Structures are given as structure tokens and as C-alpha cells.
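Enquirer: Pasted the sequence and its predicted model underneath.
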Amino acid sequence: MIDKKVGSMIINLFARGDLGQIATPITPVSGGFMHRMYRVDTTNKSYAVKHLNPVIMQRQGAKDNYKRAEALEKKLEEAGIPIVPAITIDGAKMQECQGEFFYIFDWKEGKITDWNNITAEQCWFAGEIQGKIHAIEPRKIVRTGEMSLSNIDFGKYIREAENKNRDIFLCLKENENLLNYAQGQLNRARQALPDIECIVDEDMDPKNVMWDNGKPFVIDLECLDYGNPISSAVQLSLQWAGITTCSLDLAKHRAFWEGYLAEYDCGFSDYDKTFGVAYTWIEWLEYNISRTLGNCQDEAERQMGINEVKNTVARIAYIREMEDEIKHNMNLLSLM
């Protein structure tokens with residue numbers, strides 16, 4: 001069931017944007033881990049509406065981040081990348097109603113591939129798309145001072161969780177050494193990255209690619225930004241190869257890189273030294289710890305945070321277990 005207030009806001013947006021008469025009840029659909037999605041059918045066509053998480057939108061700089069992503073989304077459109085862009089209404093992609101924010105999309109037929117049934121061919125296509133995105137406008141950069149190194153105080157979160165959520169307290173306490181190890185590996189890898197910057201979509205994992213008759217279309221482009229291509233490709237290649245479900249397939253990992261390097265090769269070859277960016281999951285973990293400890297919009301989101309804390313810690317443990325095999329596979333990339 002859709003919240004009545006949210007439903008009223010969506011009705012208001014459709015009337016204001018002259019998008020047609022809503023013909024059927026607004027229906028919640030799967031929308032990822034941060035925002036909420038709805039299907040809206042009018043008498044003429046169907047739309048997908050994304051209600052942006054109010055907690056996230058209250059963060060300093062959040063609107064600027066979305067504005068930057070919108071500008072980059074336009075560059076992807078111009079470059080012919082297969083994406084599903086947000087609709088522009090009255091010159092704006094982001095729509096506001098009663099202090100809350102939305103994106104509206106044309107409804108795209110197709111489906112998301114189940115995480116357990118991703119094929120090597122799909123991994124190749126995903127790598128190809130990433131390569132094309134990174135090739136749009138890569139540029140050399142000069143890094144000065146400390147890079148964007150991770151500085152998460154897991155001890156502080158453990159102490160706070162002991163008083164607020166015994167369940168995640170035990171999970172974090174038992175894995176404190178692992179999490180500190182992962183953070184150290186992540187920071188070392190970031191320091192080893194090449195001095196290159198380009199457009200990146202680090203959220204282009206399997207849940208954000210729709211397939212229509214075998215053709216991929218990228219959705220959920222709000223995370224578009226400028227970043228390091230190697231960091232992005234390392235993380236996404238592992239996600240497409242099964243790291244998210246703790247079922248890594250090294251052949252799929254290689255297929256992703258084959259598609260990627262066919263479209264973009266920055267000349268970097270020390271891939272094994274950048275393995276540690278696989279531990280970027282600790283930053284997703286911190287976000288979910290925060291939700292679990294009360295920085296969320298409702299109880300449903302808090303429960304999602306609890307589940308993701310446990311899932312993410314298990315994932316980090318799995319990456320540690322598979323570290324040698326992944327590094328070996330990455331060493332082979334320089335021979336491709």
C-alpha cells in the first residue's frame with residue numbers, strides 16, 4: 001500500500017506536469033535500498049516514480065550531488081549510452097512537492113536479472129557499457145594531500161550499538177578486526193590508483209540494469225559523478241561476478257573486463273595493487289549502521305538497515321576469504 005500523503009503528492013505532480021489522468025491505483029514496486037519506487041498508469045501511458053529518501057535529501061550538499069548527476073546523465077544520453085533518463089518537466093528533472101523530491105521516468109519494459117542467474121554474456125555487456133562511459137571524457141588529474149581515504153571509527157559504532165541494538169553490536173564486535181583490516185586495504189588500494197578521472201556510475205550493479213530482448217538499459221543514474229575508472233571497474237566487475245551474493249564466478253569476472261577493455265583502456269596494469277577497493281563495502285556498512293541506530297525515516301528502513309549490516313559484514317568476510325583468488329585473476333588482466 002502506498003502512503004496516502006505520498007500518493008497525494010504524486011497525483012499533484014502528474015496534474016502539474018500535465019502527464020495525463022491517473023487511471024489505476026498507484027502501485028509500489030521494488031526500488032532498491034535507499035529510495036521508494038511506484039508505478040503510475042495513466043490513460044495514455046505508464047510511468048515509474050522515484051520518491052527520494054527524505055533523510056538523504058536533508059544532508060548537506062545532497063541537492064548539488066543530484067544536480068551534478070543530472071548534468072552527467074545528459075552527457076550519457078548524448079554519447080548514446082543505453083539509459084533510462086528522468087523526464088524533464090518545466091526545465092527540471094527533479095520535481096518537488098511539499099518539501100519532498102521525486103524523479104519521474106517513462107516505464108521501461110524488461111526485467112532485472114536475478115542475482116543468481118547472471119550470465120557471462122551479461123557481464124561482458126555490463127563491462128562494455130562501463131568502458132563506454134569511462135571513455136566519454138577521461139582526464140589526467142593531480143592529486144594533492146590526502147585522497148578520499150576512509151576513516152570509519154568502528155569502535156565508536158560498536159560502543160553506540162551496545163546501548164541501542166544488541167543484535168548488530170554482536171555482529172560488529174565479533175568482526176571488528178576484519179573491518180579494520182578491510183579499511184586498511186581499501187586505503188592502500190586508493191593510494192595505488194592511477195591519476196585519472198572520468199564519469200563513473202558506481203551504482204551500475206545488476207539491480208540497476210534492465211534487459212529487454214537481450215538488450216541492456218541502465219537505470220537509477222543518481223550516483224553519476226566524476227571518479228577513478230579503475231576503482232569503479234574493480235568494484236563493479238566483482239559485483240557482476242557474484243561477490244554480492246558471496247558466490248564469485250571468476251569466469252564472469254574476466255568476461256566483465258573483456259567487455260570493459262574492448263571500449264576503454266587507460267594503460268594501467270597494476271590491477272592486483274588496487275584489489276582493496278573491493279572493500280568499499282565498509283562505507284555501505286557505515287551507512288546502514290547509521291540507519292540502524294536511528295538515522296532513518298521509519299521502522300521499515302531501520303529493519304532494512306539491520307539486515308544490510310549483517311549481509312554486508314558477511315560479504316566483507318567472503319571477500320577476505322577469496323582475496324588470493326581474486327588477486328590472481330586480476331593479475332591475469334595485464335595479459336589481456
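Expert: Okay, I see it. Numbering: from 1, shown residues only.
Enquirer: Which parts of the protein are strands?
Expert: 27-29, 36-41, 46-51, 95-97, 100-106, 111-112, 139-140, 196-200, 209-212, 215-218, 225-227 (DSSP state E).
Enquirer: by contact count, what packs against the last one?
Expert: The reference is to strand 225-227. helix 62-78, strand 196-200 (3 or more C-beta pairs under 8 Å, 6 or more residues apart in numbering; DSSP states H and E). Placement of C-beta: from N, CA and C, glycine included.
Enquirer: now these as TSV including mean neighbour count?
Expert: Shown next, in TSV, are these (neighbours: other C-beta atoms under 10 Å):
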stretch	mean neighbour count
helix 62-78	15
strand 196-200	20
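Enquirer: Including mean pLDDT and distance to residue 166, could these go into a markdown table?
Expert: Formatted as a markdown table, those follow (pLDDT from 0 to 100; distance: least, C-beta to C-beta, whole Å):
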| stretch | mean pLDDT | distance to residue 166 |
| --- | --- | --- |
| helix 62-78 | 94 | 32 |
| strand 196-200 | 96 | 38 |
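Enquirer: Residue 333: which of those is closest?
Expert: When the helices and strands packed on strand 225-227 are compared by C-beta to C-beta, strand 196-200 sits nearest residue 333, at 16.2 Å.
Enquirer: Are there helices or strands packed against the closest one, and which ones?
Expert: Going by 3+ C-beta pairs under 8 Å, 6+ apart, strand 196-200 lies up against helix 62-78, helix 120-134, strand 139-140, strand 225-227, helix 229-240.
Enquirer: Please render those as a markdown table that adds distance to residue 289 to the earlier fields.
Expert: Output for the helices and strands packed on strand 196-200, formatted as a markdown table (distance: least, C-beta to C-beta, whole Å):
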| stretch | distance to residue 289 |
| --- | --- |
| helix 62-78 | 19 |
| helix 120-134 | 29 |
| strand 139-140 | 35 |
| strand 225-227 | 23 |
| helix 229-240 | 20 |
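Enquirer: Ok, which of those comes nearest residue 156?
Expert: Between residue 156 and the helices and strands packed on strand 196-200, the tightest spacing by C-beta to C-beta is seen for helix 62-78, at 23.7 Å.
Enquirer: between the closest one and strand 100-106, how many degrees?
Expert: Relative orientation of helix 62-78 versus strand 100-106 (axes from the mean of the first three to the mean of the last three C-alpha atoms, to 10 degrees): 10 degrees.
Enquirer: list the contacts for the nearest residue to residue 139 once chain neighbours are set aside?
Expert: Of all residues not flanking residue 139 in the chain, residue 197 sits nearest, at 5.7 Å (C-beta to C-beta, 6 or more residues apart in numbering). Residue 197 sits next to 138-141, 226-228 when contact means C-beta atoms under 8 Å, 6 or more residues apart in numbering.
Enquirer: One more: residue 68?
Expert: Contacts of residue 68 (C-beta under 8 Å, 6+ apart): 224-225.
Enquirer: quick one: it from residue 225, how far?
Expert: 6 Å (C-beta to C-beta, to the nearest Å).
Enquirer: what do you get for residue 289?
Expert: 23 Å.
Enquirer: more neighbours, those two?
Expert: residue 289 (26 against 16; other C-beta atoms under 10 Å).
Enquirer: Pull the residues that contact stretch 278-291.
Expert: Contacts of stretch 278-291 (C-beta under 8 Å, 6+ apart): 150, 152, 157, 161, 168, 172, 179, 182-183, 185-186, 189, 231, 234-235, 238, 243, 301-302, 304-306, 308-309, 312-313, 315-316, 319, 326.
Enquirer: Just the buried residues out of those, in PyMOL syntax.
Expert: Buried members of those can be picked out in PyMOL with the line below, counting by 16 or more other C-beta atoms under 10 Å:
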select buried, resi 152+157+161+168+172+179+182+183+185+186+189+231+234+235+238+243+301+302+304+305+306+308+309+312+313+315+316+319+326
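Enquirer: List the contacts of the one residue sitting closest to the centre of the chain.
Expert: Geometric centre of the chain, nearest residue: residue 203, 2.4 Å, by C-alpha atoms, centre = their mean. By C-beta under 8 Å, 6+ apart, the residues touching residue 203 are 220-223.
Enquirer: Show me which of those is closest to residue 81.
Expert: residue 221 (9.6 Å).
Enquirer: Now do the contacts for the residue nearest to that closest one when sequence neighbours are not counted.
Expert: In this structure, residue 221 finds its nearest non-sequential neighbour in residue 73, 4.9 Å apart by C-beta to C-beta, 6+ apart. Neighbouring residues of residue 73 by C-beta under 8 Å, 6+ apart: 83, 85-86, 93, 221, 224.
Enquirer: Just send those residues back as a markdown table, with neighbour count too.
Expert: Output for the contacts of residue 73, formatted as a markdown table (neighbours: other C-beta under 10 Å):
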| residue | neighbour count |
| --- | --- |
| 83 | 23 |
| 85 | 18 |
| 86 | 23 |
| 93 | 21 |
| 221 | 22 |
| 224 | 27 |
